[in-house]
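Asks: Structure of the sequence below:
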Amino acid sequence: MRNKTNADRRREEQRNDLWPGSADWIWDIHDEENTVGFATVSRLMPWITVLIRHLAGKGKDPTGIYWELWCRDMGQGLIQINDEQECAFASGYNSNRALRTWREHVHLLVDLHFLKVARSGNREVGYVLLMNPLAIARWYHERNMAPEGWWASFSNRAREIKADVSRKLDPMAKATAPTPESVSV
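Replies: Just a heads-up that it's a prediction; the model follows:
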């Protein structure tokens, strides 16, 4: 948990002026005793989902999956998928083709470089690695593949919230295993 700032206190005052007693109605990140079951995501995620929809193409929208996976992350970027059907349902897929469509859209997110996946036993999607979405966004911007005006809006919001979108990442590069010399004992 982070410490309360003066800005936090000003917003609380404003909230209480507008809605007296509203402290019991909200999720308070400073209430360590009662705050469980919440995920941390970038405030730029709405822009990331716009980019994903643009890149996915007409008739395909895997952003429900992307949100659902972020909500499963415990902070390491790694998600173990124990029940693909449950993930499909939580992502908004509930027809008799739910699992198939979910898997297709997961693989679309892989193709778009927002995820990496690994099998686990009979599960086609057993593990998911969430790639840094801000670095992936920069990668698409540098290739002129983002929607018109998107980068200006995205980077403006990033400046407002002091998010670093300068990190470069090549999603096509293979991760390398550590060499014996680089591993400390």
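
Asks: so how far is the helix-or-strand element of the chain with minimal mean pLDDT from its chain's centroid?
Replies: None of the helices or strands of the chain scores lower by mean pLDDT, DSSP states H and E than helix 6-18, at a mean of 90. Helix 6-18 sits 28 Å away from the centroid of its parent chain (CA atoms, centre = their mean, to the nearest Å).

Asks: name the element the one residue sitting closest to the centre of the chain belongs to?
Replies: By CA atoms, centre = their mean, the chain has its centre lying nearest to Trp70, at 4.5 Å. Counting by DSSP states H and E, the secondary-structure element that holds Trp70 is helix 63-72.

Asks: Which residues belonging to that helix are considered buried?
Replies: The neighbour-count criterion (16 or more other CB atoms under 10 Å) identifies 63-70 as the buried residues of helix 63-72. To be clear about C-beta, it is placed using only N, CA and C from the backbone, and glycine gets the same treatment.

Asks: how about the helices in this structure?
Replies: Applying DSSP state H to the chain gives helices spanning 6-18, 45-56, 63-72, 84-90, 98-111, 133-142, 150-161.

Asks: Throw the ones you listed into JSON lines and include distance to Lys174, thanks.
Replies: Conversion of the helices of the chain to JSON lines gives the following (distance: least, CB to CB, whole Å):
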{"stretch": "helix 6-18", "distance to Lys174": "43"}
{"stretch": "helix 45-56", "distance to Lys174": "22"}
{"stretch": "helix 63-72", "distance to Lys174": "22"}
{"stretch": "helix 84-90", "distance to Lys174": "26"}
{"stretch": "helix 98-111", "distance to Lys174": "14"}
{"stretch": "helix 133-142", "distance to Lys174": "16"}
{"stretch": "helix 150-161", "distance to Lys174": "27"}
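
Asks: of all those helices, which lies closest to Met172?
Replies: Closest to Met172 of the helices of the chain, according to CB to CB: helix 133-142, at 9.1 Å.

Asks: contact partners of the closest one?
Replies: 42, 44-45, 47-48, 51, 55, 112-114, 146, 150-151, 154, 158, 163-171 (CB atoms under 8 Å, 6 or more residues apart in numbering).

Asks: which secondary structure elements does the least confident helix or strand of the chain contact?
Replies: When contacts are defined as 3 or more CB pairs under 8 Å, 6 or more residues apart in numbering; DSSP states H and E, helix 6-18 sits against none of the other helices and strands.

Asks: what about the closest residue to the residue nearest to the centre of the chain other than its chain neighbours, distance to Met131?
Replies: For Trp70, the nearest residue in space outside its immediate sequence neighbours is Val41; the separation is 5.2 Å by CB to CB, 6 or more residues apart in numbering. Distance check for Val41 against Met131: by CB to CB, to the nearest Å, it reads 14 Å.
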